[in-house]
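> Return a 3D structure for these sequence lines:
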Amino acid sequence: MNARLESTASAPAALSADQQIGQIAVQLPGATAVFRRLKLDFCCGGQVPLATAAAEKGLDVNGVLAELAALQRPSALPGVEEPGALIDHILTRYHDVHRVQLPELIRMAHRVEAVHRANPDVPAGLGDLLEEIQQELLSHMQKEEAILFPMLKSGGNPFVGQPIGMMRAEHTDHGAALDQLNALTHDATPPAGACNTWRALYAGIAQFGDDLVNHIHLENNVLFPQFEAAPAAAAGCGSSGCGCS
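Okay, the predicted model is just below:
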């Protein structure tokens, strides 16, 4: 997986009504969905300040800014390791966020592929790949939420290693899918002359990739080991399968 782990808090970029709407769309993943709903043209008409674009639509620019500010999510990993609190963080910071990220990325990917199909740099098949990632990730998160996380929150049990092993295997599959995504988008680097939609798409893909790596890291390296070590420690003779205890 070619993405980074965040270890220190980074201040979100300041939003301003004087910024061009296209600039905000590219720099703030998720902003495109807000602009589409408000019918603000961030692609062809993205060279005007947000204040001007909002005024032309009769919108309260402060309300728009507040909605955009809600998209600025912390990138620092949490210091907490207690299972219940860590699981709650994973659910709100990653599970909920992935469910919002992917539909907009899929929509933009299909749009870019359709509009720029004659461009040799177009990421052909990107929308389909993102749909596959969404399907696998939604299934994975549902299994964690319905089975594994409640089990861990209750303290685990001697058989918890099996569902943890399944989740680890699926994490490996997610990593392989991220590698495909990075290869298809040249590590989320838009070509020269890319339109705002294309650039916003790749900015969103970069954020999604970083989020998914951090998400998997917290589960594989912080949450799961707290429960995988317990059966071996309780076995007495050092063999978790001998049954002497």
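> got the buried residues for stretch 217-233?
His217, Leu218, Glu219, Val222, Leu223, Phe224, Phe227, Glu228, Ala230, Pro231 (16 or more other CB atoms under 10 Å). Glycine gets a C-beta too; all of them are placed from N, C-alpha and C.
> do the same with stretch 182-201
182, 184-185, 188, 190, 194-201.
> outside of that stretch, which residues touch it?
With contact meaning CB atoms under 8 Å, 6 or more residues apart in numbering, stretch 182-201 is reached by 2-3, 22, 25-26, 29, 31-32, 42-44, 46, 105, 108-109, 111-112, 115-116, 119, 121, 123, 125-126, 129, 202-203, 205-206, 209.
> okay, among the buried residues of stretch 217-233, which ones form the most distant pair?
Farthest apart among the buried residues of stretch 217-233 by CB to CB are His217 and Pro231. That separation is 23.1 Å.
> which residues touch Glu113?
Glu113 neighbours (CB under 8 Å, 6+ apart): Val122, Pro123, Ala124, Gly125, Leu126, Gly127.
> again, 10 Å this time
Glu113 makes contact with Asn119, Val122, Pro123, Ala124, Gly125, Leu126, Gly127, Asp128, according to CB atoms under 10 Å, 6 or more residues apart in numbering.
> Just these: which are in helices?
Leu126, Gly127, Asp128 (DSSP state H).
> pLDDT at the closest residue in space to the first one that isn't next to it in sequence, what is it?
Leaving aside its sequence neighbours, Leu126 sits nearest to Ala109 (CB to CB, 6 or more residues apart in numbering; 4.3 Å). Here, the pLDDT recorded for Ala109 equals 98.
> show me the contacts for Ala109.
Ala109 neighbours (CB under 10 Å, 6+ apart): 123, 125-131, 184-185, 197-198, 201-202, 204-205.
> likewise Ala14?
Ala69, Gln72.
> Got phi/psi on Pro49?
phi -60, psi 150 (degrees, to the nearest 10).
> Run a quick neighbour tally on it.
Neighbourhood size, Pro49 [other CB atoms under 10 Å]: 17.
> does it really touch Ala55, like I thought?
Yes: here Pro49 reaches Ala55: they are 9.4 Å apart, a contact under CB atoms under 10 Å.
> So for those two, which residues contact both of them?
With CB under 10 Å, 6+ apart as the test, Pro49 and Ala55 both reach Ala17, Val61.
> Give me the nearest residue to Gly46, chain neighbours excluded.
Closest residue in space to Gly46, ignoring its immediate chain neighbours: Gly22 at 2.3 Å, by CB to CB, 6+ apart.
> Can you tell me the element the one you found falls in?
Per DSSP states H and E: Gly22 is located in helix 21-27.
> need the next SSE after that helix, C-terminal direction.
helix 31-37.
> still on that earlier bit, and the residue nearest to Leu126, how far is that from Cys43?
14 Å (CB to CB, to the nearest Å).
> Ile21 too?
9 Å.
> which one of the two has more residues nearby?
Ile21 (24 against 18).
> wait, what's in contact with the more buried one?
31, 35, 40-43, 45-54, 64, 196.
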